[in-house]
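> okay, sequence plus prediction incoming.
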Amino acid sequence: MNESIPSSETAAAGRLPEEPPRRLKILHLEDSPVDALLVQEMLASENVDCEIIVVSEPADFERELAKGDVDVVISDYSLPRYCGTDALKRTREAGPETPFIFVSGSIGEERAVEAVRLGATDYVMKEHLRRLGLAVRRAVEAAESARRRREAETRLAEERNFLADVFSSVQDGIVVLDADLKIVQTNPTMEKLFPDRMPLAGKPGSLFCPGGDGSIAATTLREGRPAQSVCTMETAEGKGEFSVYSYPLLERSTGRQKGVILYLRNITHEHALQQQLFQSQKMESIGKLAGGVAHDFNNILQAIMGFSEILEGEIPEDDPRHADVLEIRKATDRAVALTRQLLAFSRKQVLNPVDLDMNGLVGNMGGMLQRLIGANFQLRYDFDSAPARVHGDTGQVEQVVLNLVVNARDAMPKGGEIAIATRQREVEEPEAAERGAPWRAGRFVCLSVKDTGTGIPPDVLARLFEPFFTTKEKGKGTGLGLSTVYGIVQQHGGWVDVKTQEGKGSTFTIYLPALGQEPPKGPAA
């Protein structure tokens, strides 16, 4: 039997204090038409607004249950071709929260209790059928309450998972401190930065905001306001500079402060970029000053040189004053050479660019370079297999090679090996952006000169290309060798990259635009 029996709507309103907000669909598993009609009439008399689908066959029951729109299942306990407990099992598989009520005259109290233990919502003896309406209402209300609770729990779990995802995805470090400034929780970034300090829970927050009672965390806890400081910390990748922010941790419901949140941002890279920008601006200013001075000084030297030539012609060679004039000429020539170096640094020299192969240019200088550095030094060459072609001034590029080799020699007082290499390299946009000025994207020819010397201390590295800066003894260097390299390379649209390690040596690499590569517009920064 499978029929739809609409309930009566003629019962007096208001018998129960609350009515279901919508019409219920009840699936009734019953083989007795008389008992099915009794259930329908009882529910109608209790003003339960519902549509009852009566089935007696297992297949019909399974089909209706599979539709997924059943609000309540009412089932006899004993049926000829189906067991009530099997129907209960299938109902729980289809919908764990769907109310299931046994209505039977033969179930007995003991089996009824066992049925509830197996998952039945309620049971009603047929002799107490008047309780069915109340049982249905309570079952529906309990199911609806369970559904709302489940949805709330799901939303809460989703919110927690979302916040956990955000917490885990932040690439800066986050440390949560309690009211005693002890660490309660950290995000995965902290584990990557400080693996040797794990686990952090329970440790003092001052690990990440040095200063004892005067730390920013203590300030935030005491005054209830954000604070910020910069400090240096040892990380898994080495020493890094961090900007540490502290914020009040507030209880959402009351606004009461219950701790402190520390936010650690590694600013090592940003600080390095700022230093690069500052150094670039400083070198630009020095270059302008040096160029202006060199230009005016060169005009004065030309006058001195002209008058010294006149005197040299007018004074006989056997006159003692003739030797003095020659000394004036020699001093003037040295001053002119110095002026040329200043002009090279300030990028105001007149260039005569041609197409050059860096492999051939360096190779042709090999004999001269070896004689220049002496027998205690060994030159090793590693040229790119393809021609390393650039567009540049031959004399100026040779001057760059010469100055870098001499610098490498001076870095190794006891002798050593100088390696000269050429490579062609493509610089991508992300790398150029990360490195900052003067790096830029494009195809470049790289010439590197590597020594096995003492390396360069950080304080010297910061001033390496400044004109007249030297670490040599007085009278043993002008301090213009590397500044000349800097100026020439910049004037050719390139830059110089320095890698050094104290006690292990340094590598100077110049980047020049490869032949056919568009040079930067305007003067190089």
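In hand now; what should we look at?
> drop to CA atoms for contacts and neighbour counts, all remaining ones
Fine.
> which other helices and strands contact the stretch of helix or strand L369 belongs to?
Using DSSP states H and E, L369 sits within helix 366-373. Packing contacts for helix 366-373, counted by 3 or more Cα pairs under 8 Å, 6 or more residues apart in numbering; DSSP states H and E, involve strand 377-382, helix 394-410.
> make it 6 Å
Using 3 or more Cα pairs under 6 Å, 6 or more residues apart in numbering; DSSP states H and E as the contact test, no helix or strand touches helix 366-373.
> the inter-axis angle of that helix versus helix 394-410?
Helix 366-373 and helix 394-410 are oriented at 40 degrees to each other (axes from the mean of the first three to the mean of the last three Cα atoms, to 10 degrees).
> and the angle from helix 366-373 to strand 377-382?
Relative orientation of helix 366-373 versus strand 377-382 (the same axes, to 10 degrees): 150 degrees.
> check the offset of helix 366-373 from the chain's centre.
Offset of helix 366-373 from its chain centre (Cα atoms, centre = their mean, to the nearest Å): 48 Å.
> CA atoms of that helix as PDB?
Taking C-alpha atoms only, helix 366-373 is exported to PDB below (Å, rounded to 0.1, in the frame of the first residue of the first chain):
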ATOM      1  CA  GLY A 366      96.700  38.800 -20.600                       C
ATOM      2  CA  GLY A 367     100.400  39.500 -21.000                       C
ATOM      3  CA  MET A 368     100.200  43.100 -19.700                       C
ATOM      4  CA  LEU A 369      98.100  42.000 -16.700                       C
ATOM      5  CA  GLN A 370     100.500  39.300 -15.700                       C
ATOM      6  CA  ARG A 371     103.500  41.600 -15.800                       C
ATOM      7  CA  LEU A 372     101.500  44.200 -13.800                       C
ATOM      8  CA  ILE A 373     100.600  41.800 -10.900                       C
END
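> in that helix, what's buried?
For helix 366-373, the neighbour count (16 or more other Cα atoms under 10 Å) marks L369, I373 as buried.
> per-residue confidence averaged over that helix?
Helix 366-373 shows a mean pLDDT of 84 in the predicted model.
> one more: stretch 175-182?
Here stretch 175-182 scores 86 as its mean pLDDT.
> how long is that stretch end to end?
10 Å (Cα to Cα, to the nearest Å).
> which residues does it contact?
183-186, 202-205, 258-262 (Cα atoms under 6 Å, 6 or more residues apart in numbering).
> and those, which two are the farthest apart?
Using Cα to Cα, the contacts of stretch 175-182 span at most 17.2 Å, a distance reached by K203 and K258.
> sec struct for the spatially most central residue of the chain, please.
For the chain, the residue sitting closest to the mean C-alpha position, by Cα atoms, centre = their mean, is Q171 at 5.0 Å. Under DSSP: H, G, I helix; E, B strand; the rest coil, Q171 falls in the coil class.
> again, but for R252
The assignment at R252 comes out as coil when based on three-state DSSP.
> that one: neighbour count?
Residues lying near R252 (other Cα atoms under 10 Å) number 8.
> leaving out chain neighbours, which residue sits closest to the residue nearest to the centre of the chain?
Distances taken as Cα to Cα, 6 or more residues apart in numbering place T189 nearest to Q171, at 6.0 Å, with adjacent residues excluded.
> distance of the one you found from E110?
T189 sits at a distance of 59 Å from E110 (criterion: Cα to Cα).
> thinking again about what came up before, of the contacts of stretch 175-182, which belong to strands?
Here DSSP state E is the test, and these give I183, V184, Q185, T186, K258, G259, V260, I261, L262 as lying in strands.
> those, buried ones only, as a PyMOL selection?
Entered in PyMOL, the line below selects the buried ones among those, by 16+ other Cα under 10 Å:
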select buried, resi 183+184+185+186+259+260+261+262
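> which SS class is the closest residue to G173 other than its chain neighbours?
Excluding its sequence neighbours, the residue lying closest to G173 (Cα to Cα, 6+ apart) is L264, at 4.7 Å. Secondary structure assignment for L264 (three-state DSSP): strand.
> L264 and S246 touch, don't they?
No. Applying Cα atoms under 6 Å, one finds L264 not in contact with S246, separated by 8.9 Å.
> looking at the two, which is more packed in?
Legend: neighbour count by other Cα under 10 Å for L264 and S246, higher for S246 (27 against 24).
> where in this structure is pLDDT low?
1-21, 106-107, 210-214, 269, 271-298, 334, 336-351, 468, 472-479, 517-525 (pLDDT under 70).
> and the next element down the chain from the host helix or strand of V140?
Taking DSSP H and E as the definition, one finds V140 inside helix 132-169. Heading C-terminal from helix 132-169, the first helix or strand you meet, by DSSP H and E, is strand 173-177.
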